[in-house]
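> this is the structure alone, sequence omitted:
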């Protein structure tokens, strides 16, 4: 059954409250307490001068109260004395300016000084607490990529990039060929001539850009693994994790996850809504519930990253402090998000934070307790969750009938070659996933590396980078395949495939993409699909094919040309799909793949976990749900109020 946790910052409060806090956590039903991710300057206030006493005392208090500690390596915030001693630790922006000390995440992943010092402090933490009976898990660093901190253009990064390129290509001639350096006279004579993208006059070749992003991603992987290896050696049988930021595509989360025992992520639906690329009318409707499918998408993504093992390490408990606007969630939403997480396979939900800070940057960020120690709204919702979980049997999340492909390198490729202002590649996989949720269909979010044998359908919204191994797996499986525009449009080197797009996907469907267009909002290119007319949105491709056309463009330009084609195995879409068009098309694809759906369920969401069915109401009105006659209702009722849920067991 779902376990509960909190993020705790005892160093920000008087020692007199620590024991009382620990007791109140246990009484509330909390099991896990994450601590110390920003403690480096407190543990080591001066070079090689340590103060462990306060942390020793905190762990003893929490543990003896009956709580399990998630210990963090403190590398996300190197202390000022370390920055002064080794200035090269600081990251450098694209203009060549070092980013300064005064917040957090002020380090360059390529800094040799930083890596050495990070390994040193991690070893000291692991030696001291690795076998402590109260320390049950480890978090490595904190939120890679927050504040746009994956990419650094420092001298250390430049040297490391050159070495990475030499290892990848072997010879400078192979690099010149891969990067297309006959273009614009960009040829290099040695790897030592290659720079990062610092102070470039205009756009670099997309091959250069994607290589630099992939290099930066590998630097994150190496930095993470260096700490994991130390912790595993000194703290046996304690699992390791990192708390990822959802919808951050700056590095390969799957690859970082390979070195972890479980994945975790930080869930902030209110801020995600305000920052979302949707209309104000849509935001107004969901102002206090958030995007229904944003947390669900990330729960599924990080279940894949963690190979079935996933936590939420930070669950929003109220208003946050960092979005453009910071509204309060509807009362009941913290409880709803917690059960939504469990329904999607999350086993532990930790709330950020235990007590609201009364100073510094996050003092407007809500918590379970107010700064004076009195309970806030989320406290009572967590209290209710702790009681409700007794009514539910333990169960495992099963594989869904369909999968959505989310590929990080394709995100990087689209960033390098958007071919249209405002193109948002990260939104397409989410839109396709959300539409499946609106049709009452469970969907997994996976990378191209997983096994597709038992899926009835695999949806590939915009996998830009051609991948022969992935195509071969699809070809050998019985699954139906749906390809969105731009799929297979670039090789691994960011070239157009010799056989034209969609590259190796042509083994699944007979098609060549002969022209692509990015369309402005005022373009009017109608599409006729299944007797209804829709408009092309943002993108249009011209296809050469012998396959059956399922939809046609009906504009003056190339009137009658195919917009969607298909055969018994695969369908290809030559435009971006949104709204009613996407809903109509997805329902048609589900019927084709023989996947059962509920039709348009509006603001309800149905999720299965084992024998349990969860129904969540994200809308403004009470909704009545038909419960199977052989089902036992375990939580809620058939008439589900807003911001509430129903759970039954068949």
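Okay, I see it. Because the structure is predicted, anything quoted here is derived from the model rather than measured.

> spatially nearest residue to the residue nearest the centre of the chain, not counting backbone neighbours?
Taking CA atoms, centre = their mean, the centroid of the chain lies closest to residue 246, which sits 2.9 Å from it. Nearest non-adjacent residue to residue 246, counting by CB to CB, 6 or more residues apart in numbering: residue 298, 3.6 Å away. Placement of C-beta: from N, CA and C, glycine included.

> check for me that that neighbour belongs to a helix.
Yes - assessed by DSSP: H, G, I helix; E, B strand; the rest coil, residue 298 belongs to a helix.

> contacting residues around it?
246, 247, 265, 267 (CB atoms under 8 Å, 6 or more residues apart in numbering).

> pLDDT check: weakest of those?
For those, the weakest pLDDT value sits at residue 247, with 82.

> residue 425: neighbour count?
Here the number of neighbours of residue 425 (other CB atoms under 10 Å) works out to 18.

> which strands or helices does the lengthiest helix in the chain pack on?
Across the chain, the longest stretch assigned as helix under DSSP state H is helix 206-234. Other helices and strands packing on helix 206-234, by 3 or more CB pairs under 8 Å, 6 or more residues apart in numbering; DSSP states H and E, are helix 112-129, helix 155-169, helix 172-179, strand 240-241, helix 253-257, helix 408-416.

> list the buried residues of that helix.
206-221, 223-228, 230-232, 234 (16 or more other CB atoms under 10 Å).

> average model confidence for that helix?
What helix 206-234 shows for mean pLDDT is 98.

> and the angle from it to helix 408-416?
For helix 206-234 against helix 408-416, the angle by axes from the mean of the first three to the mean of the last three CA atoms, to 10 degrees is 140 degrees.

> can you show me the helices along the stretch 501-650 of the chain?
579-592 (DSSP state H, counting those that start in this stretch).

> in it, which spans are strands?
511-518, 526-529, 532-535, 539-545, 548-553, 562-566, 570-573, 604-609, 612-617, 623-624, 632-635, 639-640, 644-649 (DSSP state E, counting those that start in this stretch).

> which of those is buried the deepest?
strand 570-573 (a mean of 27; mean count of other CB atoms under 10 Å).

> name the strands paired with that one and say parallel or antiparallel.
strand 480-483 (parallel), strand 562-566 (antiparallel) (DSSP bridges).

> give me the distance from the last one to the chain's centre.
The chain centre lies 31 Å from the centre of strand 562-566; the measure is CA atoms, centre = their mean, to the nearest Å.

> and what of the first one?
With CA atoms, centre = their mean as the basis, strand 480-483 stands 23 Å off its chain's centre.

> what comes into contact with it?
In contact with strand 480-483 (CB under 8 Å, 6+ apart) are residues 456-460, 463, 474, 502, 505, 508-509, 569-573, 589, 592-593.

> hmm, 6 Å instead?
457, 458, 459, 460, 474, 505, 508, 570, 571, 572, 589, 593 (CB atoms under 6 Å, 6 or more residues apart in numbering).

> got the buried residues for stretch 291-308?
Buried residues in stretch 291-308 (16+ other CB under 10 Å): 291-306.

> residue 108: which of those is nearest?
Sorting the buried residues of stretch 291-308 by how near they are to residue 108, with CB to CB, puts residue 305 at the top with 24.3 Å.

> good, we can wrap up now.
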